[in-house]
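>>> I need the structure of the sequence given here:
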Amino acid sequence: MKLLLSVSVVAALLAAGCSPLYNRHVEYADVKPEAFPLVRAVGYAPISAQLGANTEHKMLQAMKASKLDAYRELTEIVYGQKIDASNQLQKMVLADEKLSASVKGVITGARVVKTYAVDDVYITELELDFEQVYLLYQNTKPRQTIKSVRYYY
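Just a heads-up that it's a prediction; the model follows:
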């Protein structure tokens, strides 16, 4: 019985031991999407509501605020929005209703298309070309698939 077990173990080791005798070369191919969307977002900020000593300072604050608002909108488009809601009833009457929304993400490769003021509102338009995002990520974390594998003795 022990002899049969020993022979089985040796046979299994010999069969499994064949694979380290091979040396392999793996060739990878880039995985490129067929189409790249172009996403646009617009941010708004009231000029007169900004904190500042004079009109020029308020304008600069509105420029920054509208740019941040455009990035927030772009992040919502790319990553979605988290919605938390709750309702509370007391004696079968709606007593309290809460709703909150948040967005979280990293936007890389967006560019400012246009910034301008209309009346008392400053507007910033952003554009995110996903081909640029793809190229940026290919430099750091390339997305690849195995094209071919060759084994050598």
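>>> how about the helices of this structure, start to end?
Taking DSSP state H as the test, the helices found in the chain are 2-17, 55-79, 130-140.
>>> what's the average pLDDT for the last one?
Yep, that's helix 130-140 we're talking about. Across helix 130-140, pLDDT averages out at 82.
>>> Mind listing residues that contact it?
Contacts with helix 130-140, where a contact means C-beta atoms under 8 Å, 6 or more residues apart in numbering, come from 30, 32-33, 36-39, 108-109, 143. Any C-beta I mention is one placed from the backbone N, CA and C, and that applies to glycine too.
>>> Going by distance to Asp96, which of those wins?
Within the set of the contacts of helix 130-140, Val39 lies nearest Asp96; the separation is 36.7 Å, counting by C-beta to C-beta.
>>> What residues does the closest residue to the closest one other than its chain neighbours make contact with?
Leaving aside its sequence neighbours, Val39 sits nearest to Leu128 (C-beta to C-beta, 6 or more residues apart in numbering; 4.5 Å). Under the criterion of C-beta under 8 Å, 6+ apart, the neighbours of Leu128 are 38-41, 74, 78, 107, 109-111.
>>> Those in strands, which ones?
Assigned to strands by DSSP state E, the following of the contacts of Leu128 qualify: 38-41, 111.
>>> filter the residues you listed to the buried ones?
Restricting the ones in strands among the contacts of Leu128 to buried positions leaves 39, 41, with burial counted as 16 or more other C-beta atoms under 10 Å.
>>> Let me have the ones in strands among the contacts of Leu128 in TSV, extended by pLDDT.
Formatted as TSV, the entries for these read as follows, by pLDDT from 0 to 100:
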residue	pLDDT
Leu38	94
Val39	94
Arg40	97
Ala41	96
Arg111	95
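>>> Please tabulate the ones in strands among the contacts of Leu128 in a markdown table and include distance to Val26 as additional columns.
Converted to a markdown table, the ones in strands among the contacts of Leu128 look like this (distance: C-beta to C-beta, whole Å):
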| residue | distance to Val26 |
| --- | --- |
| Leu38 | 35 |
| Val39 | 35 |
| Arg40 | 40 |
| Ala41 | 41 |
| Arg111 | 37 |
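>>> Looking at the ones in strands among the contacts of Leu128, which is nearest Thr124?
Distance to Thr124 across those (C-beta to C-beta) is lowest for Ala41, with 8.8 Å.
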